[in-house]
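S.K.: coords please:
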Amino acid sequence: MAWFKREIKGIITTTQEKKETPDGIWNKCPECKKPLHYSEQVENQYVCHYCGYHLRIGSKEYFSILFDNNEYTELFTDLVSGDPLHFEDTRKYTDRLKETQTKTGLKDAIRAGHGKIDGLDIVIACMDFNFIGGSMGSVVGEKIARSIDHSIKNKIPFLMISKSGGARMMEAAFSLMQMAKTSAKLALLSQAKVPYISLLTDPTTGGVTASYAMLGDINIAEPGALIGFAGPRVIKETIKKDLPKGFQTAEFVQEHGFLDFIVDRREMKEKLASFIRMVMPAGDVKEEI
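M.R.: So this is what the prediction gives:
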């Protein structure tokens with residue numbers, strides 16, 4: 001019965017010889033659900049070429065997009081989180097840190113680097129959502145503070161790329177202290193007349209939104225980014241009113257005056273360089289000739 005077996009030569013009769021597609025080569029756009037090849041994502045700076053949806057990316061990808069030739073000096077690489085409260089829920093905080101560090105290859109939810117954008121010196125601190133939801137702990141606050149000090153010392157603009165679920169509960173008050181700490185450092189940056197650019201990406205929420213993410217000399221967001229402080233349910237229960245649709249999107253936030261611009265990721269580098277040249281005094285702009 002040829003119906004149940006293949007007798008023609010050249011036709012693969014088992015699945016063992018089939019080549020499987022490696023993980024990560026293809027994924028689906030969360031918005032339009034169309035398949036995206038990895039090479040297309042990189043070429044289009046991780047923006048869906050069908051619908052323009054901005055895929056979530058981390059510091060590695062942002063650095064490759066923004067720094068000239070992906071060349072930069074990473075700053076403060078020795079900082080790692082401690083466990084000041086000896087926090088333990090279903091497992092120890094220290095165990096979760098080690099597991100996440102191994103899985104992501106990161107030491108914490110932020111990386112900082114000094115390099116050039118279109119020939120202009122800049123310090124960039126970028127959060128990584130894959131590291132415990134991009135939560136703001138002591139290391140995040142300390143790296144931001146040291147990055148600001150580096151910008152002040154060298155008179156270099158500072159760019160903060162926020163992507164976070166908020167404060168890290170495992171560090172409790174130590175985490176919340178970073179809101180005041182980073183805000184105070186940004187005040188010193190302002191006094192030194194060094195530009196601070198805040199870029200809010202999807203998602204930017206909680207204590208991060210309530211502190212350094214909204215304190216930029218210019219606040220920029222990517223299209224469609226979720227931006228807010230508390231979740232919709234908590235807000236509704238607090239104000240006892242129905243909330244407008246899409247009230248935590250970048251577009252809604254800009255419409256109500258909390259953002260200056262929404263910039264497509266593919267145009268971000270050009271826009272940042274243009275802004276730096278506009279606001280930095282001519283003698284202070286450090287630029288390659």
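
S.K.: how about T249, nearest residue that isn't a chain neighbour?
M.R.: G224 (6.1 Å; CB to CB, 6 or more residues apart in numbering). All C-beta spots, glycine's among them, are computed from the backbone N, C-alpha and C.

S.K.: what about that neighbour, neighbour count?
M.R.: Neighbour count of G224, defined by other CB atoms under 10 Å: 16.

S.K.: for G52, see how far away it is.
M.R.: 8 Å (CB to CB, to the nearest Å).

S.K.: pretty sure W26 contacts H37?
M.R.: Yes: between W26 and H37 there is a contact at 5.9 Å, judged by CB atoms under 8 Å.

S.K.: state the pLDDT value of G24.
M.R.: If you check G24, the pLDDT there is 63.

S.K.: G231 too?
M.R.: Reported pLDDT for G231: 83.

S.K.: residues near it, how many?
M.R.: Using other CB under 10 Å as the criterion, the residues surrounding G231 number 13.

S.K.: so for it, what's the nearest residue that isn't a sequence neighbour?
M.R.: T205 (7.9 Å).

S.K.: residues contacting that neighbour?
M.R.: Going by CB atoms under 8 Å, 6 or more residues apart in numbering, T205 touches S164, G165, G166, L226, I227, G228, F229, G231.

S.K.: same check on K153?
M.R.: Contacts of K153 by CB under 8 Å, 6+ apart: none found.

S.K.: let me know the secondary structure of H114.
M.R.: strand (DSSP: H, G, I helix; E, B strand; the rest coil).

S.K.: so what's it bridging to?
M.R.: T73, V123 (DSSP bridges).

S.K.: verify the stated contact: it with I156.
M.R.: Yes: between H114 and I156 there is a contact at 7.2 Å, judged by CB under 8 Å.

S.K.: for the chain, what spans make up the strands?
M.R.: With DSSP state E as the criterion, the chain has strands at 26-28, 35-37, 72-75, 110-117, 120-127, 158-164, 196-204, 218-221, 261-262.

S.K.: distance to R56 and mean neighbour count for these - can I get that in JSON lines?
M.R.: Shown next, in JSON lines, are those (distance: least, CB to CB, whole Å; neighbours: other CB atoms under 10 Å):
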{"stretch": "strand 26-28", "distance to R56": "11", "mean neighbour count": "12"}
{"stretch": "strand 35-37", "distance to R56": "13", "mean neighbour count": "14"}
{"stretch": "strand 72-75", "distance to R56": "21", "mean neighbour count": "15"}
{"stretch": "strand 110-117", "distance to R56": "16", "mean neighbour count": "22"}
{"stretch": "strand 120-127", "distance to R56": "11", "mean neighbour count": "24"}
{"stretch": "strand 158-164", "distance to R56": "7", "mean neighbour count": "27"}
{"stretch": "strand 196-204", "distance to R56": "6", "mean neighbour count": "24"}
{"stretch": "strand 218-221", "distance to R56": "14", "mean neighbour count": "22"}
{"stretch": "strand 261-262", "distance to R56": "17", "mean neighbour count": "14"}
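
S.K.: JSON lines please, covering those and showing distance to S138.
M.R.: Output for these, formatted as JSON lines (distance: least, CB to CB, whole Å):
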{"stretch": "strand 26-28", "distance to S138": "33"}
{"stretch": "strand 35-37", "distance to S138": "37"}
{"stretch": "strand 72-75", "distance to S138": "17"}
{"stretch": "strand 110-117", "distance to S138": "11"}
{"stretch": "strand 120-127", "distance to S138": "14"}
{"stretch": "strand 158-164", "distance to S138": "14"}
{"stretch": "strand 196-204", "distance to S138": "20"}
{"stretch": "strand 218-221", "distance to S138": "25"}
{"stretch": "strand 261-262", "distance to S138": "32"}
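
S.K.: returning to what we had before: and which of the contacts of T205 is nearest L199?
M.R.: Proximity to L199 was ranked across those by CB to CB; first place goes to I227, at 11.3 Å.

S.K.: understood, closing this out.
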